[in-house]
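Asks: Next one to model:
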Amino acid sequence: MSSAPRHLAGLLLAALVLALALQLALVPTPFGLQPATAPQEPLPLAAGVSAPPVDGEFRLTRGYGVKGDYWTVYFSSPYRGNAAGDRAGGIDAMLAAAIDAARVSLDIAVFELNNPLLTEAILAAAGRGLRVRVVTDDEHGLRASDGLMGRLQAAGVPLVDDARSALMHNKFVIIDGSSVWTGSMNLTVNGVDRHNNNLLQLRQAEVARRYQAEFDEMFGQGLFGPRSPRGDKTPFAEGAARIRVYFGPEDEPAMALLDALAGAQDSIRFLAFSFTLDDLGSLLLRQAARDVALQGIFERVGSESVWSELGPLHCAGLDLRQDGNPWLLHHKVFLIDDDTVVTGSANFSASGTQSNDENMLIIEDKALAAAYAAEFERRWDEASTPRDLACN
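Replies: The predicted structure is shown next:
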């Protein structure tokens, strides 16, 4: 059979499948056909999404995504063209689609906001009569020179800032009190177009409850940083998964991370924008001495400073690389034994764990860990071994 008839047959088959889906009141997604009565906020679609998935993963024009039963995770890919040009197909479109589908409320804790697609989605939600509230950093959010926060204020969206020198560094969105979007991605053009980031959506009631409590402390009570009361750190289950939620600095995320890493039996991998915690570096050296396999990728900028843990770990012989993104690797991720993911907004630094308002998740879920492991491998392949690091 020639290639042309095979191509025509494929198109006819696709048309028949779509027609059957419509007839049975099903909606097509990148993961196949799902009932129209799927759980709230099913996987949003946007321009630039490919289908069908390959091995459970679908690719955007500029990014990747994987969907689980209670989570969906997206990974950005740098846009090599003009950032002011055609930006369709980035992972911001997925969050914008979820905001467009919101029915009741939108609570946003955001360090920075200069992404026009997300700004318009937020303004549209306010225009539809949703309750929209924003918590932001005073310097990088409220007083930023781009003026987009001013547009929200002009539209009547109430904003609260932290009014302190440390950062309100969170990046999370709560939709309708039931779905949380978090991770390392700032709501900025660079956060989507140039930086390597992860954006994790959790459709889980207890996660939403805890993030809502943290948002309400900041927005309603003006409690930031060390003044914030400790949150509920009790682990809880979602099916076979085990989830822990921490807010910094009050919940001591560094201690939680150290405890989790101390329990590693086989492997530890990480993607780190900033890694300057001496206690964390020392723990990795001890784990490596126990024959725990260790690999890590440092953001190139700043990783050769005297404060970075790259030098001591590299000189001790650990398997490390510096990222290959010409802009920034912005992840804050650890993978433990290929079944546990640590992610969120907190850098592995003193300010990220002791001063700033941050959030950190520790999730024991093999499927989610596999999605993050695939991102690690993508970044590992383009990273390079450190050069010109002097070892005594």
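
Asks: Show me what counts as buried in the one helix or strand Ala374 maps to.
Replies: Assigned by DSSP states H and E, Ala374 belongs to helix 366-382. Neighbour-count burial for helix 366-382, counted by 16 or more other Cβ atoms under 10 Å, picks out Leu368, Ala369, Ala370, Ala371, Tyr372, Ala373, Ala374, Glu375, Phe376, Arg379, Trp380. (C-beta placed from N, C-alpha, C; glycine too.)

Asks: isn't Glu375 right up against Phe75?
Replies: Yes: because the distance of 4.7 Å satisfies Cβ atoms under 8 Å, Glu375 is recorded as touching Phe75.

Asks: Touching both of those two, which residues are there?
Replies: Overlap of the contact sets of Glu375 and Phe75 (by Cβ atoms under 8 Å, 6 or more residues apart in numbering) consists of Tyr64, Asn198.

Asks: sec struct for the nearest residue to Ala370 once chain neighbours are set aside, please.
Replies: Beyond its immediate neighbours in the sequence, the residue positioned closest to Ala370 (Cβ to Cβ, 6 or more residues apart in numbering) is Asp338, lying 7.4 Å away. Classification of Asp338 using DSSP: H, G, I helix; E, B strand; the rest coil returns coil.

Asks: Next, give phi and psi for Asp338.
Replies: Main-chain torsions, Asp338, degrees, to the nearest 10: phi 60, psi 20.

Asks: List the residues that contact it.
Replies: For Asp338, the contacting residues are Asp266, Ser267, Lys366, Ala369, Ala370, Ala373, by Cβ under 8 Å, 6+ apart.

Asks: doesn't Ile336 make contact with the last one?
Replies: This points to Ala373. No: proximity of Ala373 to Ile336 does not meet the contact threshold set by Cβ under 8 Å, at 11.0 Å.

Asks: what residues are shared contacts of the two?
Replies: With Cβ under 8 Å, 6+ apart applied, the contact sets of Ala373 and Ile336 do not overlap.

Asks: Show me the strands in the stretch 251-392 of the chain, by range?
Replies: Secondary structure of the stretch 251-392 of the chain (DSSP state E, counting those that start in this stretch): strands at 267-272, 293-298, 319-322, 328-329, 332-336, 340-344, 358-364.

Asks: I'd like to know which of the ones you listed is closest to Ile174.
Replies: Taking Cβ to Cβ as the criterion, strand 358-364 is the member of the strands of the stretch 251-392 of the chain that comes nearest to Ile174, at 11.5 Å.

Asks: What's the mean pLDDT across that closest one?
Replies: Mean per-residue pLDDT for strand 358-364: 98.

Asks: Partner strands of it, with direction?
Replies: When sheet partners are counted by DSSP bridges, strand 358-364 sits next to strand 241-248 (antiparallel), strand 340-344 (antiparallel).

Asks: now the ones you listed as a markdown table including distance to Asp69?
Replies: Shown next, in a markdown table, are the strands paired with strand 358-364 (distance: least, Cβ to Cβ, whole Å):
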| stretch | distance to Asp69 |
| --- | --- |
| strand 241-248 | 9 |
| strand 340-344 | 15 |
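
Asks: burial count for Ala390?
Replies: 7 (other Cβ atoms under 10 Å).

Asks: Asp69 versus that one, what's the distance?
Replies: The spacing between Ala390 and Asp69, counted by Cβ to Cβ, to the nearest Å, is 49 Å.

Asks: and if you look at Asn325?
Replies: The value you get for Asn325 to Asp69, if Cβ to Cβ is used, is 31 Å.

Asks: Ok, Ala155 next?
Replies: Ala155 sits 36 Å away from Asp69, going by Cβ to Cβ.

Asks: Not counting sequence-adjacent ones, nearest residue to Ala316?
Replies: Leaving out its chain neighbours, Ala316 is closest to Leu285 (Cβ to Cβ, 6+ apart), at 5.7 Å.

Asks: quick one, what contacts Ser384?
Replies: Contact analysis of Ser384 by Cβ under 8 Å, 6+ apart lists Arg321, Gln322, Gly324.

Asks: all helices for the chain, in order.
Replies: For the chain, applying DSSP state H gives helices covering 3-23, 92-100, 116-127, 148-154, 189-193, 205-221, 253-262, 278-289, 310-315, 350-354, 366-382.

Asks: just to revisit the earlier point, who has more neighbours out of Asn325 and Asp69?
Replies: For Asn325 and Asp69, the more surrounded residue by other Cβ under 10 Å is Asn325, and the numbers stand at 19 against 14.

Asks: still on that earlier bit, out of the strands paired with strand 358-364, which gets nearest to Ile99?
Replies: Between Ile99 and those, the shortest separation by Cβ to Cβ is 20.4 Å, and it involves strand 340-344.

Asks: Can you give the distance of that closest one from its chain's centre?
Replies: Remark: strand 340-344 is offset 10 Å from the chain centroid, using Cα atoms, centre = their mean, to the nearest Å.

Asks: for stretch 171-183, same thing?
Replies: Between the centre of stretch 171-183 and the centre of its host chain there is 11 Å, according to Cα atoms, centre = their mean.

Asks: Look at it and report the distance between its end residues.
Replies: Using Cα to Cα, to the nearest Å, the end-to-end distance of stretch 171-183 comes to 7 Å.

Asks: repeat for stretch 235-245
Replies: The first residue of stretch 235-245 is 8 Å away from its last residue (Cα to Cα).

Asks: Run the chain-centre distance for that stretch.
Replies: How far stretch 235-245 lies from its chain's middle: 18 Å, per Cα atoms, centre = their mean.
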